[in-house]
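J.: Fold the following for me, if possible:
(one chain, ligands or ions: 2)
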Amino acid sequence: MAVVLGIETSCDETGVGIVADGRLLGAALASSMDEHARFGGVIPEIAARAHLESLIPCLHEAFERARIKPGELDAIAVTSGPGLATALQTGLAAAKAFALAWDKPLYGVHHLAGHVAADTLEHGPLPGRSIALIVSGGHTSLLLLNDLARDPIVHLGDTRDDAAGEAFDKVARILGLPYPGGPAIDRVAREGDPEAFSFPRAMLGQGFDFSFSGLKSALARQVEQNPGLSVPDVAAAFQEAVVDVLTRKAVGACRAHGIDTLVIVGGVAANGRLRRLAAERCAAAGIALRIPPPWLCTDNGAMIAAVGDLLVAADHPPAAFDLSADPSCPLTKAVTS
Ligand code: KG4
Ligand code: ZN
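T.: Ligands and ions are numbered 1, 2, ... in the order given. Sure, this is the predicted structure:
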């Protein structure tokens, strides 16, 4: 049995997780989100400083929860990209120091592959072939997956402009809701009527790419021209437009490629309406749907440990110590080294 430590510092969450054979032993998370809220978005230097302060306490907490000691680790995995450069470097420097001091192999992990692997901690190994919909603050992608640790990741579609989470965050700002916008819209939309407005469904029926900036502009125009609009109604109609396109394209991709497992991951996968609509549409199409519990959808260290665990099991060679942060690392493989 391999015991793998995972470290995640790509954005504003400091995450540490310990995984063994696909099972989560313990995890700890600290967030600098509140420090960014007054700026309406993540400030990289504040995030990096917060990682420095939180990493060691999170590490102790994760070890305590997992009831293991550093000597019992078999490997260390760390997010090397994509993400904020200074934030990534903090985690990378720490992971290298631990790997050197404790004499453990080091693995550089792609953050988005981490989001996918998070689901294995809840639902077990992925089948031989599956389709993943990644919906996070910076990315929206439909992917064809084979063996996550061994095989290249095939992009079926990506966003042409704003990512799904970015659209939630920008629209929340337009509506005067707090940052991060996704959870705020999710909350107020429950009181609204999703049919109060009919917002555009961009690029439906046009392959598997996404576009959300037109929707955001249409909404901004509506709000500007009608300042008295009900915020819950606008939020609900916006959310419906986003999740309608996401779920239609994801189910369409499964059908087009003859694949019967869909996994939805990333921060936006915590959205209540997306989870319900995806469940309905997958059930109707005979597709097995996997979505991790909300705390495993947003950034965390367990998901990075989960990828490390798969890499160790696949006998993947560890990274060299000159492994560097790659802020805009494309997603072609789970391992970045
Ligand atoms: O995956 P994640 O934690 O970080 C990135 O890798 O980007 O995703 C963060 C994004 C933010 O845009 C946030 O607003 C969105 O996920 N998000 C949500 C919800 N919870 C987080 N969007 C919609 N509904 C939610 N409940
Ligand atoms: Zn993420």
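
J.: contacts and neighbour counts: CA atoms only from here.
T.: Fine.

J.: Show me this protein divided up by domain.
T.: Domain ranges of the chain: 3-117+296-313, 128-291, per automatic domain parsing.

J.: Does ligand 1 have contacts with the helix or strand residue 91 falls within?
T.: Secondary structure assigned from DSSP states H and E places residue 91 in helix 85-102. No - judged by CA under 6 Å from any ligand atom, helix 85-102 and ligand 1 are separated, with a smallest distance of 12.2 Å.

J.: The helix or strand following that helix vs helix 85-102, what angle?
T.: The first helix or strand that comes after helix 85-102 along the chain, using DSSP H and E, is strand 106-110. Relative orientation of strand 106-110 and helix 85-102, computed by axes from the mean of the first three to the mean of the last three CA atoms, to 10 degrees: 160 degrees.

J.: CA-only coordinates of strand 106-110 in PDB, if you can.
T.: Output of strand 106-110 as PDB, limited to C-alpha atoms (Å, rounded to 0.1, in the frame of the first residue of the first chain):
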ATOM      1  CA  LEU A 106       8.100  13.900  -5.800                       C
ATOM      2  CA  TYR A 107       5.300  14.100  -8.500                       C
ATOM      3  CA  GLY A 108       4.200  17.200 -10.300                       C
ATOM      4  CA  VAL A 109       0.400  17.100 -10.800                       C
ATOM      5  CA  HIS A 110      -1.900  19.000 -13.200                       C
END
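
J.: Off-centre distance for that strand?
T.: Relative to its parent chain, strand 106-110 has a centroid offset of 16 Å by CA atoms, centre = their mean, to the nearest Å.

J.: So residue 51 lies in a helix, does it not?
T.: Yes - Residue 51 forms part of a helix when assessed by DSSP: H, G, I helix; E, B strand; the rest coil.

J.: so what's the nearest residue to it once chain neighbours are set aside up against?
T.: Nearest non-adjacent residue to residue 51, counting by CA to CA, 6 or more residues apart in numbering: residue 14, 5.6 Å away. Taking CA atoms under 8 Å, 6 or more residues apart in numbering, we find residue 14 in contact with 7, 8, 29, 30, 31, 51, 54, 55, 58, 300, 301.

J.: how about a cut-off of 6 Å?
T.: Counting by CA atoms under 6 Å, 6 or more residues apart in numbering, residue 14 touches 8, 29, 30, 51.
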